[in-house]
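Novice: Generate a structure from the sequence data that follows.
(one chain, ligands or ions: 2)
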Amino acid sequence: QIGIEVRKDADFSTWYTQVLKRSEMLEYYEEVSGCYIIRPLAYNIWQEIQNFFDSAIKKLGVEDTYFPMFVSQRQLEKEKNHIDGFAPEVAWVTKAGSSDMENPIAIRPTSETVMYPYFSKWIRTHRDLPLKLNQWCNVVRWEFKKPQPFIRTREFLWQEGHTAHFTKEEADTEVHQILELYRQVYEDLLAVPVIKGLKSEKEKFAGGLYTTTVEGFIPTTGRGIQAATSHCLGQNFAKMFDIVVEDPNALAKSENKEAKKLHVWQNSWGLTTRSIGVMVMIHGDDKGLVLPPRVASIQVIVIPCGLTVKTSEEDKKRVEEKINDVVKELNSVGIKAKADLRDTYTPGYKFNHWELRGVPLRLEIGPRDLTNNQALSVRRDNGVKDPVPLDKLTTSIPDILNTIQKDMFERAKKIYDDHVKVIHKWEDFVPALDGKNVVLVPWCEQEHCEDKIKERSSKSNTEQEPEDDKAPSMGAKSLCIPFEQPTEPPIVPNETKCISCDGFAKKYALFGRSY
Ligand SMILES: O=C1CCCN[C@@H]1CCCn1cnc2cc(F)c(Cl)cc2c1=O
Ligand SMILES: [Mg+2]
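Specialist: Numbers count the residues shown, from 1 in each chain. Ligands and ions are numbered 1, 2, ... in the order given. Predicted structure coming up:
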């Protein structure tokens, strides 16, 4: 029940673990490393994300569905190149009871190979297009890197959208529609700023044509983090799984018997419970969790104050009744308010209790306030205290909550913007990273150059020892090629040089150490 014992900037990973456990967001699952219990406070955030995103994709004509979590070996390994590199993280079921299974079955790490044989069966003519399915489910990937709650876990929750289109244009349009929804989930719900961009050829989903992404930033470590992805798969999986339709034009002409078969164009897109971890890392402080109002299960906690041993029973009762009325009134206008009338705890104890749990706004009400017909509001994000008239709560409280939501986003956005350094000279690259920044650099977009940049920017290459064993000498990866390119100074084709090699730069690319 105690508060957070370390400072966020001093020991980030201990801070992160303590915030998640002591705010009752999450519990460690001792039995299996890399697995965690998502407790109600965090699960409510996931449900808010689901409510928002699911109603938005329904408007795009996407339907929810559910496929089995088991994949046969034959199906999973249908195309070797699709799973190359991923094989070590596939979890297999090999026994039922004490007897070995004839054929081991994989637990889905993603559902392309589960779904697409049925896409092939269901899609016969272009009238069956577009097919737009989504599932909310769990997936398992037996990662070997150090697990981190929400950020890198062996089982996680996500939604995976899988769509099939007649034309590339239609697929391209949807890729960006979904990416925009991901931006809204982060920026409007979680108050987390993200940068939209295209993944490099090296970083994209190898099975697809191109990958678009929303990239987040964790200021405490200066590392970028992939927040969600929306891939255009091209016709690759259609060719792998024979998902074809007749060419309606050819049929019209009906000159050739064997009407031309056209492969469909597909997308797939995913957002995971990693989003919850990103939100905690960005907004949390040394008192604990800080929740954006739009995803807080308790938005306002109302606490009686100024009650002393000298307070008459009657006054105490009047304060408590007023508090219950205030809570009822706020709930009646859709605000999630709660009273903490536990009389075994002091107000100070209660303040810590709810600050640790990230409640965005506190209202303090005491006997004097009843006479002055006011309450004291205290914001969790910046501690600002303001008296609010008791007869205007239904307008003043929503206003304060909206201001908190906006301020939390603006604050995080300014920090992100201040930590994206536009760099034109290589000698500024690594110092910028060491200053906990990500860098925006003119880049030639060649994969060998990307490898070189990663190598040149990992500390083990420089004479200086990594300052502490905790900070691995991690090199910079390309995070994305932002759709919004700096215009000052512009990249001049065949003139602007690449930051690292002597090739010509094509675009500005975001590079950084990352999760
Ligand atoms: O990122 C998304 C959004 C939602 C649907 N899927 C795509 C691509 C997933 C890539 N990916 C990611 N991880 C994987 C892990 C594996 F063990 C295997 Cl066998 C395959 C993959 C794999 O294909
Ligand atoms: Mg992975």
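
Novice: How about the residues of the stretch 201-350 of the chain by ligand 1?
Specialist: Taking CB under 6 Å from any ligand atom as the test, the list of the stretch 201-350 of the chain residues beside ligand 1 reads 205, 207, 229, 231, 268-270. Using the backbone N, CA and C atoms, a C-beta is placed for each residue, glycine as well.

Novice: where exactly do the helices run in the stretch 201-350 of the chain?
Specialist: Along the stretch 201-350 of the chain, counting by DSSP state H, counting those that start in this stretch, helices occupy 236-241, 248-253, 274-283, 313-332, 347-356.

Novice: and stretch 195-207, which residues are buried?
Specialist: Using 16 or more other CB atoms under 10 Å as the burial criterion, the residues of stretch 195-207 that qualify are 195-200, 202-205, 207.

Novice: oh sorry, the question was meant for stretch 64-76
Specialist: 67, 69, 71, 75-76.

Novice: In strands, which of those residues fall?
Specialist: In strands, defined here by DSSP state E, the members of those are residue 71.

Novice: Return the member of the buried residues of stretch 64-76 nearest to ligand 1.
Specialist: residue 76 (5.9 Å; CB to the nearest ligand atom).

Novice: Okay, and which of the residues of the stretch 201-350 of the chain next to ligand 1 map to strands?
Specialist: If you go by DSSP E, those have 229, 231, 268-270 in strands.

Novice: Identify the bridge partners of residue 152.
Specialist: Beta-bridge partners for residue 152, by DSSP bridges, are residue 148.

Novice: list the contacts for the nearest residue to residue 52 once chain neighbours are set aside?
Specialist: Distances taken as CB to CB, 6 or more residues apart in numbering put residue 189 closest to residue 52, at 5.8 Å, once the chain neighbours are dropped. Residue 189 makes contact with 48-49, 52, 292, 294-295, according to CB atoms under 8 Å, 6 or more residues apart in numbering.

Novice: How about residue 42?
Specialist: By CB under 8 Å, 6+ apart, the contact list for residue 42 reads 20, 25-26, 150, 276.

Novice: Can you tell me which of those residues is closest to residue 173?
Specialist: Lowest distance from residue 173 to the contacts of residue 42 (CB to CB) belongs to residue 276, with 29.3 Å.

Novice: can you give me phi and psi for the residue of the stretch 101-250 of the chain found nearest ligand 1?
Specialist: The stretch 101-250 of the chain approaches ligand 1 most closely through residue 109 (3.4 Å), counting by CB to the nearest ligand atom. Here is the backbone geometry of residue 109 (degrees, to the nearest 10): phi -90, psi -20.

Novice: tell me the contacts of residue 233?
Specialist: Residues near residue 233 by CB under 8 Å, 6+ apart: 205, 207-209, 265-268.

Novice: Can I get the buried part of those residues as one ChimeraX selection?
Specialist: Here is the ChimeraX command that picks out the buried ones among the contacts of residue 233, judged by 16+ other CB under 10 Å:
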select :205,207,208,209,265,266,267,268
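
Novice: how about the contacts of residue 42 in TSV, adding pLDDT?
Specialist: Shown next, in TSV, are the contacts of residue 42 (pLDDT from 0 to 100):
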residue	pLDDT
20	98
25	98
26	98
150	98
276	99
